[in-house]
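Student: okay, here's the prediction I keep looking at, along with the sequence it came from:
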Amino acid sequence: MEAKTKLWQQVRKSSAEIPHSKSARTVPLRLAPCPNEGAILSACTTCGGGDGHHVRACEIHGKCSRLPTSDPTLKVCRSCDDHPARKPAVTTVVLPRWKDRFKWVSTTQLIQDSVALAGMVPSNASGIVGVPRSGMLPASVIATHLHLPLLTVEPSGLRMISPGSRGGSLRQGTGPLFVVDDTVYAGSAMQRARSVLRNHPCLYAAVYVRPEALSAVDFAARELPSPHLLEWNMLNNGPVAGYAAASAGGIYGRGVATDLDGILCHDEESGGRPGTPYLPARQHVLPLIVTGRKESTRAGTEAWLAAQGIRFERLEMFPDAAPFTWREAAIHKAHHYGNSACGFYVESCPEQARIIFEQTGKPVICPIINTVFYGEE
């Protein structure tokens with residue numbers, strides 16, 4: 001490290017000796033050590049020679065640009081993230097946009113589209129960086145598929161994730177880091193990552209990107225217009241409690257109402273052991289839970305919700321005296337959802353979801369069939 005520092009100081013000193021003016025076109029290529037590689041560049045790798053050019057070093061990042069230039073005003077590498085010439089004119093989108101106005105995106109779909117995005121990683125990439133926390137899902141998938149190092153970005157910089165028993169054979173690339181998030185809505189999280197990683201050569205990607213924010217990344221698996229209805233974070237995101245960006249157009253209303261069995265906890269159809277957590281809402285207070293469970297089970301139900309850290313404003317249960325059928329349960333849910341200010345309801349049963357939509361005219365999400373009932377059917 002000390003030798004590399006001295007080498008770089010020599011580069012800065014020798015570079016200062018070269019006159020940066022129009023006459024610089026007559027200056028032959030100066031042999032300069034590259035702090036990236038720790039090697040001597042005897043010729044420009046872009047033009048293949050040194051006639052009329054010399055290798056400039058980035059005064060911000062201390063990295064060799066490896067581009068021919070005699071421009072005395074160039075203060076930033078043309079190949080680094082902070083130079084406008086580096087940004088591609090068009091973001092590469094791998095897969096077609098869904099036609100649905102509202103699209104429920106399952107965790108399974110996220111994994112599938114992450115594999116598609118992995119095809120955009122350069123063959124010489126030095127690692128995959130996940131933007132915490134949801135970005136670690138696609139980052140882990142991509143790193144595992146391509147057998148590359150997995151890292152995460154923290155306020156203090158990069159942190160390597162232990163590669164496990166197969167880490168010794170990981171591909172050690174010399175190219176850019178591939179930074180990935182699950183979604184980009186406005187681009188603020190990606191901008192924070194760029195700030196932390198400004199001294200590293202990087203490409204930026206997300207599995208799903210709102211069309212208005214495409215310029216925030218170099219690669220995207222799909223464009224995903226607002227609202228983002230995502231299985232892995234919808235019930236632990238601001239809109240569930242009505243905290244949505246103005247760009248969402250008020251579609252969430254006061255938040256998201258939800259069923260209980262098959263949504264907050266597993267039932268016989270959702271894929272897990274009945275009664276265990278499925279999509280527990282733990283970050284925000286749910287405005288409304290409407291369940292087909294009988295009122296007589298309220299104490300046990302509230303105890304389970306409390307044990308899971310699920311808070312709520314209202315819990316509407318099925319009356320004990322009313323005859324129970326799945327249709328009557330749907331009407332019960334539609335009544336409370338329809339009279340609420342919530343913009344979405346999440347229902348576990350496809351048949352009930354359709355009835356709730358028909359009764360209320362308001363959007364109903366049914367995760368088990370990856371469907372949102374809305375508008376004209």
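Tutor: Sure, I can see it. Residues are numbered from 1 along each chain as shown.

Student: next up, the contacts around P211.
Tutor: Contacts of P211 were listed using Cβ atoms under 8 Å, 6 or more residues apart in numbering, and they are E223, P225. In short, each C-beta sits where N, CA and C put it, glycine included.

Student: at 10 Å instead, please
Tutor: V93, R97, A220, E223, L224, P225, S226 (Cβ atoms under 10 Å, 6 or more residues apart in numbering).

Student: which helices and strands sit right next to whatever helix or strand the third one lives in?
Tutor: Yep, that's A220 we're talking about. Taking DSSP states H and E as the criterion, the element that holds A220 is strand 219-223. For strand 219-223, the contact count by 3 or more Cβ pairs under 10 Å, 6 or more residues apart in numbering; DSSP states H and E identifies strand 92-93, helix 107-118, strand 177-184, strand 202-209 as packing neighbours.

Student: do a quick rundown of the helices in the stretch 251-377 of the chain.
Tutor: In the stretch 251-377 of the chain, the segments counted as helices under DSSP state H, counting those that start in this stretch are 298-307, 326-338, 350-360.

Student: export the ones you listed to a markdown table and append columns for distance to T291, mean pLDDT and mean neighbour count.
Tutor: A markdown table is the format used below for those (distance: least, Cβ to Cβ, whole Å; pLDDT from 0 to 100; neighbours: other Cβ atoms under 10 Å):
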| stretch | distance to T291 | mean pLDDT | mean neighbour count |
| --- | --- | --- | --- |
| helix 298-307 | 7 | 98 | 13 |
| helix 326-338 | 8 | 97 | 18 |
| helix 350-360 | 11 | 97 | 20 |
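
Student: of all these, which one is nearest F102?
Tutor: Among the helices of the stretch 251-377 of the chain, helix 350-360 comes nearest to F102, with 11.4 Å by Cβ to Cβ.

Student: are there helices or strands packed against that closest one, and which ones?
Tutor: The criterion is 3+ Cβ pairs under 10 Å, 6+ apart, and the helices and strands that helix 350-360 contacts are helix 326-338, strand 344-346, strand 364-366, strand 371-373.

Student: can you give the contact residues for the last one?
Tutor: To tie it back to what came earlier, the one meant is strand 371-373. If you take Cβ under 10 Å, 6+ apart as the criterion, strand 371-373 is touched by 100-104, 227, 229, 344-347, 350, 353-358, 360, 362-366.

Student: what pairs with that strand, parallel or antiparallel?
Tutor: Here strand 371-373 has these sheet partners by DSSP bridges: strand 364-366 (antiparallel).

Student: the strand it pairs with: how far from the chain's middle?
Tutor: Counting by Cα atoms, centre = their mean, to the nearest Å, strand 364-366 is centred 23 Å from the centre of its parent chain.

Student: buried residues, it. List them.
Tutor: V364, I365, C366 (16 or more other Cβ atoms under 10 Å).

Student: isn't Y278 right up against I310?
Tutor: No. Taking Cβ atoms under 10 Å as the contact criterion, Y278 and I310 are not neighbours in contact, 11.4 Å apart.
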